[in-house]
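S.K.: Here's a sequence, model it:
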Amino acid sequence: MADSTCTCELWGRETCRTCKPCSIDGCRDIVKSRGWCNKHYLRWRNTGDPQATTKPVYSTDLDRFFAKVDASGDCWEWQAYAHLGYGRFGYQGKSIQAQRVVWMLLVGPIPEGHEVDHLCRNTLCVNPDHLEPVTPEENRRRARLVEILSSYQLSKTHCPQGHPYAGSNVYLDSVSGARRCRECRTDQFERSDAKKRARRPA
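M.R.: I've put the predicted structure just below:
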């Protein structure tokens with residue numbers, strides 16, 4: 001239904017965006033995004049079809065798990081709900097950290113009293129090659145070491161090539177969170193392009 005506070009019809013104007021109805025036939029709810037109301041927009045976002053009436057059915061927990069993962073890169077990025085930076089997945093009737101679930105599904109049981117540490121330091125990663133079960137004490141020791149190394153890295157004002165870590169020349173690595181030099185990256189791309197051009201037949 002149109003928003004009761006809208007006066008479009010009263011003033012003879014076309015329906016405004018705030019009270020425009022959903023584009024799905026028979027639906028009169030107000031548009032949220034992409035021409036759909038909130039209900040149809042969420043159906044599209046979750047299933048790819050704004051008119052889907054049921055959730056996808058998965059034959060195994062593994063299929064259901066990897067429907068929420070982007071495994072296109074070196075780190076397998078968790079794409080669904082996360083809490084305090086860690087993915088969460090409903091497994092065996094409980095909400096469990098995603099890195100623990102993927103280890104149990106693909107590798108095996110986690111030793112009692114152990115935590116699953118991210119060797120890549122990307123807490124949304126669920127690639128078992130980037131994970132390792134460790135004791136809580138070892139996990140805390142590694143976290144402290146990362147803090148020490150981070151403080152050391154932040155004390156640097158220039159990259160190894162002498163370019164300043166300042167302004168538009170510095171950016172953060174999307175995986176490690178470390179500072180990177182944009183000028184060095186540009187030089188690297190240019191050298192790579194030059195090598196490719198040199199290999200091309202005349």
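
S.K.: What is the burial count for the nearest residue to His40 once chain neighbours are set aside?
M.R.: Nearest non-adjacent residue to His40, counting by Cβ to Cβ, 6 or more residues apart in numbering: Pro50, 4.1 Å away. Every C-beta, even on glycine, is put in place using the N, C-alpha and C of the backbone. Look at Pro50: counted by other Cβ atoms under 10 Å, it has 20 neighbours.

S.K.: What backbone torsions are found at Pro50?
M.R.: phi -60, psi -20 (degrees, to the nearest 10).

S.K.: residues contacting it?
M.R.: 24, 36, 40-41, 43-44 (Cβ atoms under 8 Å, 6 or more residues apart in numbering).

S.K.: Buried residues in stretch 39-50, which are they?
M.R.: 40-41, 43-44, 50 (16 or more other Cβ atoms under 10 Å).

S.K.: How far does it sit from its chain's centre?
M.R.: Mean-position distance between stretch 39-50 and its chain equals 19 Å (Cα atoms, centre = their mean, to the nearest Å).

S.K.: pLDDT (mean, whole number) over it?
M.R.: For stretch 39-50, the mean pLDDT works out to 83.

S.K.: Same question for stretch 81-95.
M.R.: What stretch 81-95 shows for mean pLDDT is 93.

S.K.: chain center to it: distance?
M.R.: So, by Cα atoms, centre = their mean, the centroid of stretch 81-95 is 14 Å from its chain's centroid.

S.K.: Now the residue positioned nearest the centre of the chain, what are its backbone angles?
M.R.: What sits nearest the mean C-alpha location of the chain, by Cα atoms, centre = their mean, is Gln79, with 4.9 Å. Here is the backbone geometry of Gln79 (degrees, to the nearest 10): phi -110, psi -10.
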